[in-house]
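[1] Generate a structure from the sequence data that follows.
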Amino acid sequence: MSAQPPTNQPNPTPDASPGNRFMVRAQLFALGDDFFVENENGARVYWIDGKALSVGKTLLFKDLQGQVKYRLEQNLLRARKTMTVYNTEGSAAATIQKGLLRLLSSHFTIEVRGIGALETHGDLLRHEYTLTHNGKPVAQISQQWFRVQNTYGVQVTPGVLDPLLALALCIGIEVLQGIH
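    Numbering: from 1, shown residues only. You can find the predicted model right below:
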């Protein structure tokens with residue numbers, strides 16, 4: 001039996017185009033929480049399913065038909081706080097590691113399969129930062145694009161990174177920071 005989008009939410013809009021700019025509700029990543037990601041027009045485009053019975057943190061990134069596209073899991077056995085994003089085949093699509101030093105608590109090492117290392121620049125705690133690859137923006141994160149309280153926007157550069165993978169990376173960073 002496949003999971004369905006949360007019943008406490010109105011039906012998703014099946015014809016909504018994801019686009020490149022998304023609205024994410026901050027601080028909703030508690031274990032077991034389900035929520036939708038909307039595009040800049042307010043249409044639901046992705047469903048994030050928190051798994052309540054998992055060890056560590058696990059979030060499933062689904063399309064509106066409920067198909068899992070990525071799985072974000074906390075790796076509890078590593079010395080550094082780490083999350084791995086798995087693709088539909090179960091292979092690691094990306095890893096996110098929090099910096100070792102307390103002074104670098106907002107520093108993350110991000111490796112994306114097929115692309116390489118991504119860097120974070122800006123204020124991660126305030127959701128005002130950029131993910132870059134070789135100095136070029138891959139995704140911009142900002143609270144200034146949406147006027148809805150406790151939200152931030154993620155704008156993905158077209159053709160560089162799958163938008164849903166970029167969202168998984170941003171949410172993984174937030175979970176590792178302990179903002180949830």
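[2] how about the helices in the protein?
    163-177 (DSSP state H).
[3] Low-confidence stretches in the chain?
    For the chain, residues meeting the criterion pLDDT under 70 lie at 1-19, 26-32, 52-56, 77-79, 100-106, 147, 179-180.
[4] Please tell me how far the nearest residue to Val85 once chain neighbours are set aside sits from Ile171.
    Distances taken as Cβ to Cβ, 6 or more residues apart in numbering place Ala94 nearest to Val85, at 4.3 Å, with adjacent residues excluded. Heads up, the C-betas are built off the backbone N, CA and C, glycines and all. Applying Cβ to Cβ, to the nearest Å, the value for Ala94 to Ile171 is 12 Å.
[5] One more: Pro158?
    20 Å.
[6] His121 - how many residues pack around it?
    11 (other Cβ atoms under 10 Å).
[7] let me fix that: Ile171
    Residue neighbour count, defined by other Cβ under 10 Å, stands at 24 for Ile171.
[8] try Ser91
    Neighbour tally, Ser91, other Cβ under 10 Å: 9.
[9] List the contacts of it.
    Contacts for Ser91 (Cβ atoms under 8 Å, 6 or more residues apart in numbering) come out as Arg113.
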